[in-house]
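Participant: Okay, sequence plus prediction incoming.
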Amino acid sequence: MTLRSAAWFAAEGKTGIMSRAWLRSEGLPDDSFVGRPVIGIANSWSELTPCNMHFRELAEQVKRGVWQAGGVPFEFPTTSAGEPLVRPTAMVLRNLISMDLEETLRGNPLDAVVLLAGCDKTTPAYLMGAASVDLPTLLITGGPMLNGKHRGTDIGSGTSIWRLTESFRAGEITQGELFEAEGCMARSRGHCMTMGTASTMALLTEILGMQLPGSAELPADDARRRTMAHLAGRRIVEMVGEGLTPSKILTRRAFENAIRLNAAIGGSTNAVVHLLALAGRVEVPLDLDDFDRLVRDIPTLVDLMPSGRFLMEDFAYAGGLGALVAEMGDLLDQDTITITGTSIRENYAGGECFNTEVIRTMDNPVKPVGSGIAVLRGNLAPSGAVIKQSAASPDLLRHIGRAVVFDRLEDYLAVADDDDVDIKADDVLVIRYAGPRGYPGMPEIANVALPRRLLADGVRDMVRISDARMSGTSYGTVVLHIAPEAAIGGPLSLVRTGDQIELDVPGRTLNMLVDDDELARRREGWAAPEVPSAARGYMKLFVEHVQGADVGADFDFLQGNQPPEVPRRGF
């Protein structure tokens, strides 16, 4: 076996001396540089990314496994993005993190890499960056937090925030009660324990074949997660010898499994943009309509917030992904290969469910067949839009209402609590100029809170449409990712308050009931808005090169991958 790292460590003359000598300062013995696979451990640890703050400990477990299997581990940091903190949105950093990882892998003497990720954007970013280089790769997610506990009930990150803040604004609970719940919500290390984007991407990474089976659902503070990290260190060394790389695992069939699983778990709409971007990196043909076409025969089987009642800790104890794979049976292609070197069928043989309230059977689903993500098209979304049916109100899936339009989220928030705001329950709230270029970064703002007056009247949902995203922990009848986005002149930019908007989810359409001649007149007077924060640096690059949500919001120059050839010498 010829190791890529040998071009550094087995080289003669000053090249080899330079590569080895400085690493001796780390206390490595001489045989560290002879015939041993060099394993990178990419760490998205950051105290500004609380979901990932336990990764230093996990990295040590991975190192133990690597040493035990005969490899040499090197841990390194990358840019990290904490979903609760980064503004304008952590999504704006996903592509940057992927580039950071890609260039680190390309430029260093690494034969393989273990990825430590967990918070919403770190997982897809790491998959995208590693897939672009195609070294043997294994990802470990950090695991969900333990269930939040408040006044005898379980509360979930994100989902309960939306519910409790609505109750507070409606006058149903006090500020003190809201503050008390805040202190009970995040009571351990780990990412969101609802079926938000972090939990969704962890499970999808596992079904894609890039994570050890049975590891995605384990709570962050479960000792078995540390065991899994140790085993990952062993396994990655074996993968070097087998030449098992992402391009051999991330096939079209693997992506189809991920799309179908996302429907069964009631997963995040953010999975759409992440899977499309990842598919672009490995040149797998995947398009927006696949997320609708492939799930029409899939019911929602996992009863987790926001579509259901339970949380990830409950899912793990109910049997986790193994139980769900067993229940789905031939709805998944179980012969796809994974990082174990074996198939999904072999990985989850004997999967068993221990709580059929959490993981339902096919004849007793949480939501019926066809309740997954729907892709809508029409004169408002010629390139597509998505809606999470399992989190929407069934009575609003067909709806015609008056548009009430806001060009900025801040404009809406400034009036949302006014008692005389002219917004009715059957109106359609439009929040625009919030797409990949327009905000920039496509923030999770589409599920705007309802006007306080409506909440006080008992209204808990209304149709909202936007070119933005929404958190995977959110719920409501919210149409997202409208493409083309308003900032580049998409039809959403032409809507005016008072227009009638027709949503028909069963018919898969989204239209404004305005004639073509009037739309043409409006277009003549439209001008693209400025994006002040995009004047320099990475934000300028982002706005100039980001693609639409309908193709994954990746950069146009990052499509496809490139084999990890050894870089030219610098001395």
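Facilitator: Right, received. Where do you want to start? Computed from a predicted structure; not experimentally measured.
Participant: And the strands in the stretch 251-400 of the chain?
Facilitator: 373-376, 384-388, 398-406 (DSSP state E, counting those that start in this stretch).
Participant: Look up the pLDDT of the nearest residue to Phe406 once chain neighbours are set aside for me, please.
Facilitator: Using C-beta to C-beta, 6 or more residues apart in numbering and skipping the chain neighbours, the partner closest in space to Phe406 is Tyr412 (4.2 Å). Where C-beta positions appear, they are placed from N, C-alpha and C, glycine not excepted. Looking at Tyr412, its pLDDT is 97.
Participant: wait, Tyr412 sits on Val448?
Facilitator: Yes - using C-beta atoms under 8 Å, Tyr412 is in contact with Val448, at 6.0 Å.
Participant: shared neighbours, those two?
Facilitator: 429, 431 (C-beta atoms under 8 Å, 6 or more residues apart in numbering).
Participant: Is Ala229 within a helix or a strand, and which one?
Facilitator: helix 223-242 (DSSP states H and E).
Participant: could I have that helix exported to PDB, CA atoms only?
Facilitator: Output of helix 223-242 as PDB, limited to C-alpha atoms (Å, rounded to 0.1, in the frame of the first residue of the first chain):
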ATOM      1  CA  ALA A 223     -20.600   6.900  27.300                       C
ATOM      2  CA  ARG A 224     -21.400   4.800  24.200                       C
ATOM      3  CA  ARG A 225     -20.700   7.900  22.000                       C
ATOM      4  CA  ARG A 226     -17.100   8.000  23.300                       C
ATOM      5  CA  THR A 227     -16.900   4.300  22.600                       C
ATOM      6  CA  MET A 228     -18.100   5.000  19.000                       C
ATOM      7  CA  ALA A 229     -15.400   7.700  18.700                       C
ATOM      8  CA  HIS A 230     -12.800   5.100  19.700                       C
ATOM      9  CA  LEU A 231     -14.100   2.600  17.200                       C
ATOM     10  CA  ALA A 232     -14.100   5.300  14.500                       C
ATOM     11  CA  GLY A 233     -10.400   5.800  15.100                       C
ATOM     12  CA  ARG A 234      -9.800   2.100  14.500                       C
ATOM     13  CA  ARG A 235     -12.100   1.900  11.500                       C
ATOM     14  CA  ILE A 236     -10.600   4.900   9.600                       C
ATOM     15  CA  VAL A 237      -7.200   3.200   9.600                       C
ATOM     16  CA  GLU A 238      -8.700   0.100   8.000                       C
ATOM     17  CA  MET A 239     -10.500   2.300   5.400                       C
ATOM     18  CA  VAL A 240      -7.100   3.600   4.200                       C
ATOM     19  CA  GLY A 241      -6.000   0.000   3.300                       C
ATOM     20  CA  GLU A 242      -9.300  -0.600   1.600                       C
END
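Participant: Low-confidence stretches in the stretch 451-571 of the chain?
Facilitator: For the stretch 451-571 of the chain, applying pLDDT under 70 flags the ranges 570-571.
Participant: Do you have the strands of it handy? List them.
Facilitator: 463-466, 478-483, 500-504, 509-512.
Participant: who are the neighbours of the last one, in terms of helices and strands?
Facilitator: Right, the one you point to is strand 509-512. Counting contacts by 3 or more C-beta pairs under 8 Å, 6 or more residues apart in numbering; DSSP states H and E, strand 509-512 is packed against strand 500-504.
Participant: hmm, 10 Å instead?
Facilitator: strand 373-376, strand 384-388, strand 500-504 (3 or more C-beta pairs under 10 Å, 6 or more residues apart in numbering; DSSP states H and E).
Participant: In the sheet, which strands lie alongside the last one, parallel or antiparallel?
Facilitator: In its sheet, strand 500-504 lies beside strand 398-406 (antiparallel), strand 509-512 (antiparallel), with partners assigned from DSSP bridges.
Participant: next one: the first one
Facilitator: Based on DSSP bridges, the strands next to strand 373-376 in the sheet, each with its direction, are strand 384-388 (antiparallel).
Participant: For the strands of the stretch 451-571 of the chain, could you give me a markdown table that also reports distance to Phe557 and mean neighbour count?
Facilitator: Shown next, in a markdown table, are the strands of the stretch 451-571 of the chain (distance: least, C-beta to C-beta, whole Å; neighbours: other C-beta atoms under 10 Å):
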| stretch | distance to Phe557 | mean neighbour count |
| --- | --- | --- |
| strand 463-466 | 27 | 27 |
| strand 478-483 | 20 | 28 |
| strand 500-504 | 36 | 19 |
| strand 509-512 | 31 | 20 |
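Participant: Relative to Val325, tell me which of these wins on proximity.
Facilitator: Nearest of the strands of the stretch 451-571 of the chain to Val325, taken as C-beta to C-beta: strand 478-483 at 28.0 Å.
Participant: could you check the angle strand 500-504 makes with the closest one?
Facilitator: Using axes from the mean of the first three to the mean of the last three C-alpha atoms, to 10 degrees, the inter-axis angle of strand 478-483 relative to strand 500-504 is 100 degrees.
Participant: Could you list the low-confidence segments of the stretch 1-150 of the chain?
Facilitator: Counting by pLDDT under 70, the stretch 1-150 of the chain contains no low-confidence residues.
Participant: Can you show me the helices along it?
Facilitator: 6-9, 13-21, 55-68, 91-107, 122-133 (DSSP state H, counting those that start in this stretch).
Participant: Phi and psi next, for Arg187.
Facilitator: Dihedral pair for Arg187: phi -100, psi 10, per degrees, to the nearest 10.
Participant: quick one: Met462 from His399, how far?
Facilitator: Going from Met462 to His399 by C-beta to C-beta, to the nearest Å gives 9 Å.
Participant: again with Met145
Facilitator: Distance, Met145 to His399, using C-beta to C-beta: 36 Å.
Participant: who's more crowded, the two?
Facilitator: Met145 (27 against 17; other C-beta atoms under 10 Å).
Participant: how far away is Gly118 from Lys63?
Facilitator: 18 Å.
Participant: just Val325 next, same as before
Facilitator: For Val325 relative to Lys63 (C-beta to C-beta), the value is 31 Å.
Participant: what about Gly118 and Lys63, which has more around it?
Facilitator: Shown here are Gly118 and Lys63; by other C-beta under 10 Å, Gly118 has more neighbours (31 against 21).
Participant: how about that one, what does it touch?
Facilitator: With contact set as C-beta atoms under 10 Å, 6 or more residues apart in numbering, Gly118 has these partners: 44-45, 49, 51-55, 58, 126, 139-144, 189-192, 198-199, 201-202, 220.
Participant: can you do 7 Å?
Facilitator: Remark: with contacts taken as C-beta atoms under 7 Å, 6 or more residues apart in numbering, Gly118 is in contact with 51-52, 141-142, 191, 198.
Participant: Pull out the CA atoms of stretch 254-269 and give them to me as CSV.
Facilitator: What follows is stretch 254-269, C-alpha atoms only, in CSV (Å, rounded to 0.1, in the frame of the first residue of the first chain):
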residue,chain,number,x,y,z
ALA,A,254,-27.5,6.5,-1.1
PHE,A,255,-29.0,10.0,-1.7
GLU,A,256,-32.3,8.4,-2.5
ASN,A,257,-32.2,6.6,0.9
ALA,A,258,-31.4,9.9,2.6
ILE,A,259,-34.4,11.7,1.0
ARG,A,260,-36.7,8.8,1.9
LEU,A,261,-35.5,8.7,5.5
ASN,A,262,-35.9,12.4,5.9
ALA,A,263,-39.6,11.9,5.2
ALA,A,264,-39.9,9.1,7.7
ILE,A,265,-38.3,11.0,10.5
GLY,A,266,-40.2,14.3,9.8
GLY,A,267,-36.8,15.8,9.1
SER,A,268,-35.7,19.4,8.4
THR,A,269,-36.3,21.2,5.2
